[in-house]
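1. attaching a predicted model along with its sequence, questions to come.
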Amino acid sequence: MDNNSSNNNKNNPNINALIFELVQYGKTNGLITSDDITYTTNRLLEFFNLSEYKEPDETISVRELHLILEDMISYGLENGLLESDSITNKDLFDTRIMGLITPPPSVVRNKFNNLYKDNPIKATDYYYSFSKATNYIRTDRIAKDEKWITNTEFGDLDITINLSKPEKDPRDIAAAGKAKKSGYPACLLCMENEGYAGNMSHPARQNHRIIPIRLAGENYYLQYSPYVYYNEHCIIFNEQHTPMKIDSSTIRKLLDFVMLFPHYTAGSNADLPIVGGSILSHDHFQGGGYEFPMVRAPYEYEFTINGFKDIHSGIIKWPMSTIRLQGKDADRITELADHILRTWRSYSDKDAFIFAETDGVPHNTITPIARRRYLNDGSSIFELDLVLRNNITTSEHPLGVFHPHEIYHHIKKENIGLIEVMGLAVLPARLKKEMDILEDALIEKKDIHSIEEIASHANWADMIKDKYSEIIENDNFDKTQKKNNLHKIVQDEIGLVFSGVLEDAGVYKRTPDGIDAFMRFINSL
């Protein structure tokens, strides 16, 4: 590559304007101050192998960040600064650029802590906006996610098709396979990711900043998820790379978190395979400023557990088997939750196909979720949901008895983790294209069983055709109207599938026998 700055500027006259525009973006969004402008400009010149700079004469309107970065990526490709235009290469490149205008951890933490002293909401509002401004949360990608609400017997459920997480480019997969493996950082959640340059198999994090917090006397960090499946989707992770474990300490940490951030929910994935999350190797929780459908679920059965008359206890109307505890004393709720957890860990009921273990392998655990519930008088209580989980498998259900059954795998085959438990479906990106093809096939009356891309949906599509035949066959609608009608129908039917998926994951079914079995466990406490 020719490093001569005059040649670069002659062949690419817009690079000065792009640097100027990015610096102005940083200043406008509070990433840098007026004192940092020259310094930041020089760092960007160094990055682009330029030794001269002339501020543009014309007035430049600062565009959306992704547009600035896309032009910088184009410049990089034209001048040999990127090896290829694969997604991973481009992400490594633009994250490195953003790292040059992202303030150091000390600045971010000081501002967060100062705002927190005034109001926790002000602190998280700042930090969330900051995480978007640095492009750590890629808002242009998240805007592509498809979202809707489906009404079910359990109330409204939230459905998303996740399009913000890019699919792997085959070139990136090949490059990652050839790359030297490293144990640093140990995983995507480790604190060592802060400022990490990344590689073909690990995302760049130069623009990543984390906030230290204390939970139950231990060091944790707060960050936002780069994929934000819901508003202010945050991750709370242990300072140490230590495996997930659900115990009384976990419960106390969740309650401590909602004491620190009373406007947030916090929950933990279960700590066993199949019913747990995707990262069991690093202790972490998830939370955020979002009202999940589960929050609105009412009590269906209420009871008092011996020794805990001060705790309001009951089972809520929800597809998954959930005990809700409410009270003012975090210690007492922790004590009762621990009692329920320890009892459940060793509980078996052959008639309900609940087995605590087989051949020494444990099956029972819980998914706990904590929040503050605000009362009419303005006061608040702690609310803790304990979702009973069991990961036993059989030859009929090799992926799990209490897991999405095969009839639903065309929509959802993956584990039911914390976010789904709370009533928000995060569905794979493939569905967007498949549903579009399916809708067209229904309108054009094609044989869906013979269309390879959507054959897995054929039996489900036959049900839709029968259920909505009057709408599908109605010739008073033109193709656009039919497409719009069908799109809404398909969305609603996906939502109903998700409701069924959650019922599959429930250890006690919502039948007279299932309710009797659930109460047998309650009576054992």
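-> Happy to help now that I have it.

2. which stretches in the stretch 201-350 of the chain count as helices?
-> Along the stretch 201-350 of the chain, counting by DSSP state H, counting those that start in this stretch, helices occupy 248-260, 330-345.

3. any idea which of those is most buried?
-> Comparing the helices of the stretch 201-350 of the chain by mean neighbour count (mean count of other C-beta atoms under 10 Å), helix 248-260 comes out on top with a mean of 22. In short, each C-beta sits where N, CA and C put it, glycine included.

4. re earlier: same list, the helices of the stretch 201-350 of the chain, but as a markdown table with distance to Ile411 and mean pLDDT please.
-> Output for the helices of the stretch 201-350 of the chain, formatted as a markdown table (distance: least, C-beta to C-beta, whole Å; pLDDT from 0 to 100):
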| stretch | distance to Ile411 | mean pLDDT |
| --- | --- | --- |
| helix 248-260 | 30 | 98 |
| helix 330-345 | 29 | 98 |
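
5. turn those into TSV, columns for distance to Gln481.
-> Shown next, in TSV, are those (distance: least, C-beta to C-beta, whole Å):
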stretch	distance to Gln481
helix 248-260	47
helix 330-345	51
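
6. pLDDT value on Ile471, please?
-> The model reports Ile471 with a pLDDT of 83.

7. list the contacts for it?
-> Residues near Ile471 by C-beta atoms under 8 Å, 6 or more residues apart in numbering: Phe477, Lys482, Asn485, Leu486, Ile489.

8. not counting its neighbours along the chain, what's nearest the fourth one?
-> Counting by C-beta to C-beta, 6 or more residues apart in numbering, Leu486 lies nearest to Glu439, which is 4.5 Å off, once chain neighbours are set aside.

9. confirm Trp148 sits in a strand?
-> Yes: with DSSP: H, G, I helix; E, B strand; the rest coil as the criterion, Trp148 is located in a strand.

10. what's the distance between the closest residue to it other than its chain neighbours and Glu78?
-> Closest residue in space to Trp148, ignoring its immediate chain neighbours: Gln491 at 4.9 Å, by C-beta to C-beta, 6+ apart. As judged by C-beta to C-beta, to the nearest Å, Gln491 and Glu78 stand 42 Å apart.

11. the two - which one has more neighbours?
-> Gln491 (18 against 13; other C-beta atoms under 10 Å).

12. pretty sure the more buried one sits against Thr160.
-> No: counting by C-beta atoms under 8 Å, Gln491 stays clear of Thr160, with 11.1 Å between them.

13. where along the stretch 151-300 of the chain do the strands fall?
-> Remark: strands assigned in the stretch 151-300 of the chain by DSSP state E, counting those that start in this stretch are 155-161, 211-215, 218-224, 234-238, 265-267, 284-288, 299-303.

14. helices or strands up against the second one?
-> Think strand 211-215. helix 105-118, strand 218-224, helix 248-260 (3 or more C-beta pairs under 8 Å, 6 or more residues apart in numbering; DSSP states H and E).

15. now that strand: mean pLDDT?
-> The model assigns strand 211-215 a mean pLDDT of 98.

16. so how far is that strand from its chain's centroid?
-> With C-alpha atoms, centre = their mean, to the nearest Å as the basis, strand 211-215 stands 20 Å off its chain's centre.

17. go on, the shortest one?
-> Here strand 265-267 shows a centroid-to-chain-centroid distance of 12 Å under the convention C-alpha atoms, centre = their mean.

18. mind listing the strands that strand pairs with, and their directions?
-> The pairing partners recorded for strand 265-267 under DSSP bridges are strand 284-288 (antiparallel), strand 364-374 (antiparallel).

19. contacts for it, please.
-> The contact list for strand 265-267, computed with C-beta under 8 Å, 6+ apart, reads 236, 254, 257-258, 285-288, 290, 292, 295, 367-371, 385, 418, 421-422.

20. same question for stretch 150-169, mean pLDDT?
-> Stretch 150-169 comes out at a mean pLDDT of 85.

21. tell me which residues of it are tucked away?
-> Going by neighbour count (16 or more other C-beta atoms under 10 Å), the buried part of stretch 150-169 is 150, 152, 154-155, 157-165, 169.

22. what's the closest of the residues you listed to Glu52?
-> Of all the buried residues of stretch 150-169, Glu52 sits closest to Asp169, with 35.0 Å by C-beta to C-beta.

23. following element in sequence after the longest helix along the chain, please.
-> Longest helix in the chain by number of residues (criterion: DSSP state H): helix 479-505. With elements assigned by DSSP states H and E, the helix or strand that comes after helix 479-505 is helix 512-523.

24. what's the pLDDT at the residue nearest to the spatial centre of the chain?
-> Central residue of the chain (C-alpha atoms, centre = their mean): Tyr229, 4.2 Å from the mean position. Note for Tyr229: predicted pLDDT of 92.

25. excluding covalently adjacent residues, which one is nearest to it?
-> Val426 (5.4 Å).
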